[in-house]
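> Model the following, please.
(4 chains)
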Protein chains: 2
Amino acid sequence: MNARSAELQVNFCQACAIRNRSICADLDSAEIGLLNRMGRRRRLEAGEQFLWEGDEAPVVANVVEGMLKLSNQTADGREQILGLAFPSDFLGRPFGQSTPYGVEALTDAVVCVFQRTDFDRFAREHSRLEHKLLEHTLTELDRTRRWMLLLGRMSAEQKLATFLLELWNRLAPEEDSDPAARSGTMELPFSRQQIADLLGLTIETVSRQITKFRRDGLIDTPSRREIAILDREALMQRSC
Amino acid sequence: MNARSAELQVNFCQACAIRNRSICADLDSAEIGLLNRMGRRRRLEAGEQFLWEGDEAPVVANVVEGMLKLSNQTADGREQILGLAFPSDFLGRPFGQSTPYGVEALTDAVVCVFQRTDFDRFAREHSRLEHKLLEHTLTELDRTRRWMLLLGRMSAEQKLATFLLELWNRLAPEEDSDPAARSGTMELPFSRQQIADLLGLTIETVSRQITKFRRDGLIDTPSRREIAILDREALMQRSC
DNA sequence: CGGACAGTTGATTCATGTCAAATCACGTGG
DNA sequence: CCACGTGATTTGACATGAATCAACTGTCCG
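Below you'll find the model as predicted:
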């Protein structure tokens, strides 16, 4: 690799949209340069599988753009979505053998991919990276545990209300000047089946609950892949 | 603190039963000495609350002995157990503000407690500790995600079968020469209500499933707090 | 012996799953 | 531009597993 291409790659990393939220945030530019040379970007199309459950997982990755799902399947083929991954989230299982879940892109996405062995070595040598990874992992564990309360103890209505509010929080974290966003409309990167797999329900139950919320004026569904939250208060009421 | 008491404490750490499985495993004796001076042991009685959900959590801890549960409550007071903690597991939320779950001892237990601020600082300065903590957290995240499949997609029968097998694995990880253990008997540190909270069921459903397994000859219940696994194969059949 | 509490069992209800049919949305080819 | 086909979603009818409510039983401990 010559100096010019190395430099270009450094610039690439430094221009990265998630540069200061992802696990790379605390690295200095020399470290970024090294990391940059180890990884490569990969573009995924909506619906494309990125990792397979139980595979000898040779890679880990950072999400740069888009949304992905992590999931497991039961023996009889039903699916449970274990979590979602958004930009700056980390994918894969460092310091381990096989990825214990499948990963599929829900939208078109961009990920920053590393060979696991390279990444493991780099992480052990650069404790600032490892520290960030630890913080991300702890946050994800907290989020996952909160989801267990939903799966184990909530009714279908509570599950859907909670899901819509949580999704809104993660999709529109900052005040947004886009009128669509202000009116509470968001694009849903999920099919009804995927919502069902996320909430531990069936597709019919999800559909009925959406209809109920629409009839009660809590939400509107301009199209199948869009949802507008009309009455956040009422949704919060029903979420617990 | 004088030299003699410091030395006694070092010996205390070095004799620790979980010394080589917990996050302290890779520390050298100088580091252990430092850590030892920061922490203190605390004995908990079965049923005693150690951390409260949502509390400004001032502490983190290692489990030395016993079993504890982590749990959340819904607004209407129902409980969901988020996970169990066994010897060498880590408790609390480093690098964060509040513990997002309650922790209660299920059996008499011993924990090794640290002020969170002290621990955070020590961890950042000693990357071998931080690395171990990361590995533990990643493992716990995997385990938690597997439990989501159970909560979201399994029937009551599958849940109970899975639970009994998992418990057996965690309580009897090594080949055991104790005849009770060989015959598959284990002490259950849970009330029926706690099993229900763990599996996202009600106490009555748990009771009925246990009765069914007993009638079918898969298990025996010598007493309320003991279960003998008679037919592991059949349980595995029913667990998925 | 009696009281208290945990667990079991039974009867019934209800939420959600299942199965089936109707409808909608969208892309394709004529 | 429209008819058609396909797959996703919605809706309806019905079945069922688990929750709920209530009574009963066992066990522990004073």
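
> How about the contacts made by A:G54?
Residues near A:G54 by C-beta atoms under 8 Å, 6 or more residues apart in numbering or on different chains: A:S98, A:T99, A:P100. All C-beta atoms are positioned from the backbone trio N, CA, C, and that covers glycine.

> Read off the pLDDT value for it.
Model confidence at A:G54, given as pLDDT, is 85.

> ok, now A:D176?
pLDDT, read off for A:D176, is 56.

> hmm, back to that, tell me the buried residues within the contacts of A:G54.
For the contacts of A:G54, a burial check counting by 16 or more other C-beta atoms under 10 Å in any protein chain shown picks out A:T99, A:P100.

> Out of the contacts of A:G54, flag the one nearest to chain B.
Checking those against chain B with C-beta to the nearest C-beta, the nearest one is A:P100 at 5.0 Å.

> mind checking the end-to-end distance for stretch A:217-235?
10 Å (C-alpha to C-alpha, to the nearest Å).

> and what of stretch A:214-226?
Start-to-end span of stretch A:214-226 (C-alpha to C-alpha) is 13 Å.

> again with stretch A:70-86
This stretch, stretch A:70-86, spans 11 Å end to end (C-alpha to C-alpha).

> Repeat that for stretch A:85-105.
End-to-end for stretch A:85-105, by C-alpha to C-alpha: 9 Å.

> can you tell me if that stretch touches chain B.
Yes - for stretch A:85-105, a contact with chain B is found by C-beta under 8 Å from any C-beta of the partner chain, at A:R93, A:P94, A:F95, A:G96, A:P100, A:Y101.

> Show me what the helix or strand where A:G152 lies is packed up against.
Using DSSP states H and E, A:G152 sits in helix A:127-153. Judged by 3 or more C-beta pairs under 8 Å, 6 or more residues apart in numbering or on different chains; DSSP states H and E, the packing partners of helix A:127-153 are helix A:29-38, strand A:79-85, strand A:90-91, helix A:116-125, helix A:156-171, strand B:68-73, strand B:79-85, helix B:127-153.

> Report the rounded mean pLDDT for that helix.
Helix A:127-153 shows a mean pLDDT of 96.

> Show me which positions of it end up buried.
Under 16+ other C-beta under 10 Å, the buried positions of helix A:127-153 are A:127-138, A:140-142, A:144-153.

> That helix: how far from the chain's middle?
The chain centre lies 12 Å from the centre of helix A:127-153; the measure is C-alpha atoms, centre = their mean, to the nearest Å.

> Stretch A:147-161 too?
Mean-position distance between stretch A:147-161 and its chain equals 19 Å (C-alpha atoms, centre = their mean).

> anything in that stretch sitting right up against DNA strand D?
No - using C-beta under 7 Å from any atom of the strand, we find that stretch A:147-161 stays clear of DNA strand D, coming within 8.9 Å at best.

> And for that stretch, what's in contact with it?
For stretch A:147-161, the external contacting residues (C-beta under 8 Å, 6+ apart) are A:83, A:162-163, A:195, A:199-201, A:205-206, A:209-210, A:212-213, A:235-236, A:238-240, B:72, B:74, B:78-80, B:82, B:144, B:147-148, B:151-152, B:199-200.

> Which ones, among the residues you listed, also lie beside DNA strand C?
Among the contacts of stretch A:147-161, the ones lying near DNA strand C by C-beta under 7 Å from any atom of the strand are A:G200, A:L201, A:T205.

> Mind checking which of the contacts of A:G54 land in helices?
Within those, no residue falls in helices by DSSP state H.

> quick one: which of the contacts of A:G54 is nearest to DNA strand C?
Set against DNA strand C, the nearest of the contacts of A:G54 by C-beta to the nearest atom of the strand is A:P100 (23.8 Å).

> How about the contacts made by the residue nearest to that closest one when sequence neighbours are not counted?
The spatial neighbour of A:P100 that comes closest, neighbours along the chain excluded (C-beta to C-beta, 6 or more residues apart in numbering or on different chains), is B:D142 at 5.0 Å. Shown in contact with B:D142 (C-beta under 8 Å, 6+ apart): A:R93, A:G96, A:P100.

> What of A:R225?
Neighbouring residues of A:R225 by C-beta under 8 Å, 6+ apart: A:E187, A:L188, A:P189.

> Counting neighbours, which of these end up buried?
Here, 16+ other C-beta under 10 Å leaves A:L188, A:P189 buried among the contacts of A:R225.

> So which of the contacts of B:D142 sits lowest on pLDDT?
Among the contacts of B:D142, A:G96 has the weakest pLDDT, 86.

> tell me the contacts of that one?
Contacts of A:G96 by C-beta under 8 Å, 6+ apart are A:A57, B:L138, B:D142.

> Ramachandran coordinates for it?
The phi/psi pair for A:G96 (degrees, to the nearest 10) reads phi -140, psi 180.

> Let me know the distance separating it from B:D89.
Note on A:G96: its distance to B:D89, by C-beta to C-beta, to the nearest Å, is 17 Å.

> how near is the residue nearest in space to the middle of chain A to chain B?
Against the mean C-alpha coordinate of chain A, by C-alpha atoms, centre = their mean, the closest residue is A:A85 at 1.3 Å. For A:A85, the distance to chain B (C-beta to the nearest C-beta, to the nearest Å) stands at 13 Å.

> just checking, that residue touches A:S71?
No - here A:A85 lies out of contact with A:S71, judged by C-beta atoms under 8 Å, at a distance of 11.2 Å.

> For A:M186, list the residues it contacts.
A:L167, A:W168, A:L171, A:A172, A:E226, A:I227, A:A228, A:I229.
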